[in-house]
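1. give me the fold of what follows.
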Amino acid sequence: MKNTKNILFVCLENAGRSQMAEAFFRKYTNEKFNVISAGTTPSSQLNPIVIEVMSEIGIDMRQQSPKKLSNKMIENSSKTINMGCMSKESCPSLFVNDVFDWNISDPKEKSIDDVREIRDQILKNVLELIDSLEK
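-> Coordinates of the predicted model:
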């Protein structure tokens, strides 16, 4: 797997948005990419509503778990995508080179319909990212 690019999705708890982005990226790309998601203060588990709305479209996230963001992850990433947190203390990924900020709402404590909208926006953004990376 030469020329493999590392893609990093970051959010605060790594329990929703970044996990959905990672799952979509895995589904729609090939071995040219490694993908991981992480959070600055990871939750103990994924948001159950996120797991539910992803299963509605055939993506099983039950085996995924939140991971802590490390400097090594940031340094090794070809592209870092911040899902929407905006403070320097909680999202250091905002302050490294080549970071994209998608400004997507946190699904935490949102209704299932709101989480579906968030899921669909993340899918749209991931597909656009993949298209840009493959050009």
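2. residue ranges with poor pLDDT in the chain?
-> Counting by pLDDT under 70, the chain shows low-confidence ranges at 1-2, 85-98.
3. which stretches in it count as helices?
-> Here the chain has its helices, by DSSP state H, at 17-28, 48-55, 71-76, 112-134.
4. OK, contacts around the residue most central in space within the chain?
-> In the chain, the centroid-proximal residue (CA atoms, centre = their mean) is Ser18; its distance is 2.2 Å. For Ser18, the contacting residues are Phe9, Val10, Cys11, Ser37, Ala38, Gly39, Met83, by CB atoms under 8 Å, 6 or more residues apart in numbering. For the C-beta atoms, the positions are set from N, CA and C on the backbone; glycine is no exception.
5. quick revisit: return the most buried member of the helices of the chain.
-> Mean neighbour counts were taken over the helices of the chain using mean count of other CB atoms under 10 Å, and the top value, a mean of 24, falls to helix 17-28.
6. before we move on, back to that, ok, and the most crowded of the contacts of Ser18?
-> Within the contacts of Ser18, Cys11 tops the neighbour count with 33 neighbours, counted by other CB atoms under 10 Å.
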